[in-house]
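[1] Sharing a sequence plus its predicted fold:
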Amino acid sequence: MRGLVVYDSYFGNTKLVAETIANELENQGLESELRSVRKKYPVSPQGDLLFLGSPVRMGSTTRRIKKYVERLDKGSWGGKPVVVFTTILALPENPAAERIESREKYDLMAGRKLAERAKAEGLNVLDDQLWVDVGGLKGPLVETGLEQTKQFTRKILGRL
C-alpha cells in the first residue's frame with residue numbers, strides 16, 4: 001500500500017505535519033510520497049491513500065490546495081480514501097465563549113469545506129479530519145501537535 005501526502009504550507013507548520021504523516025505511514029509499513037502543491041512533478045501522483053493538507057488562512061484553506069483537488073485525476077483517485085488535515089491558530093489559554101464559537105464556525109469549517117469540495121469532485125473523503133494547532137501566526141506547532149498527528153495517522157490506517 002502506498003500513501004500520498006500532498007500539502008501547502010506558508011511558514012512550514014503544515015509541511016511538518018505532512019512530513020510526520022509520511023514518516024508515520026512508513027513506520028507502519030507503507031510506502032509514502034510527500035508532495036508540495038508549490039512544486040511541479042514530472043509524473044502524476046500514484047497511491048492507494050491520499051492525505052490533503054493546508055494551513056487555515058483567513059478562515060479558508062489555500063487556493064493552491066483547492067486547485068490541486070480540482071485538477072486531481074478523478075479516474076485514478078475516485079474510489080481511494082482521501083483524508084483532509086489543516087493547521088490552525090491555537091485558542092488562547094482562557095478563550096472567551098465567543099472565540100470558541102467563532103473557531104467552530106470559522107477555522108474548523110475550512111477543513112470541512114475542503115473535504116466537501118473534494119467530495120463534490122468525486123473523491124472518497126473520509127469523515128475523520130485532523131487539525132493541528134499552531135502556537136502563533138507563524139508557529140510553531142503546539143507541543144502535542146506531532147504526537148497528535150502520529151496517533152491520527154495510525155487511527156486512519158487501523159480503519160482501512
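    That came through, no problem. Numbering: from 1, shown residues only.

[2] mind listing the helices for this protein?
    13-27, 63-71, 74-77, 97-105, 107-120, 145-159 (DSSP state H).

[3] Specify the strand with the largest residue count in this protein.
    If you go by DSSP state E, the chain has its longest strand at strand 124-134.

[4] got the angle between it and helix 13-27?
    Relative orientation of strand 124-134 and helix 13-27, computed by axes from the mean of the first three to the mean of the last three C-alpha atoms, to 10 degrees: 120 degrees.

[5] The nearest residue to Thr61 once chain neighbours are set aside: how many residues sit nearby?
    Distances taken as C-beta to C-beta, 6 or more residues apart in numbering put Ser54 closest to Thr61, at 3.8 Å, once the chain neighbours are dropped. Where C-beta positions appear, they are placed from N, C-alpha and C, glycine not excepted. Taking other C-beta atoms under 10 Å as the criterion, the count of residues near Ser54 is 29.

[6] May I have the residues that are in contact with Ser54?
    7-8, 14, 61-62, 64-65, 86-87, 110, 114 (C-beta atoms under 8 Å, 6 or more residues apart in numbering).

[7] Poorly predicted segments of the chain, please.
    Across the chain, the ranges flagged by pLDDT under 70 are 91-108.

[8] at 90 instead, please
    Low-confidence segments of the chain (pLDDT under 90): 57-59, 88-110, 135-137.

[9] how near is Ala110 to Met1?
    Counting by C-beta to C-beta, to the nearest Å, the separation of Ala110 from Met1 is 29 Å.

[10] between those two, which one's more packed in?
    More crowded of Ala110 and Met1, by other C-beta under 10 Å: Ala110, with 22 against 13.

[11] Leaving out the residues flanking it, which one is nearest to the more buried one?
    Once flanking residues are discounted, Ala110 sits nearest to Val56: 4.4 Å by C-beta to C-beta, 6+ apart.

[12] try Phe152
    Counting by C-beta to C-beta, 6+ apart, the residue nearest Phe152 is Leu130, at 4.5 Å.

[13] Tally up the residues packed near the one you found, please.
    Here the count is done by other C-beta under 10 Å, and Leu130 has 22 residues near it.

[14] what's the answer for Val6, then?
    Neighbours of Val6 under the rule other C-beta under 10 Å: 22.

[15] Then Gly145?
    Applying other C-beta under 10 Å, we find 23 residues neighbouring Gly145.

[16] Which strand residues bridge the nearest residue to it once chain neighbours are set aside?
    Sequence neighbours aside, Val132 is the residue nearest to Gly145 in space, at 4.3 Å (criterion: C-beta to C-beta, 6+ apart). Val132 has these beta-bridge partners by DSSP bridges: Thr87.
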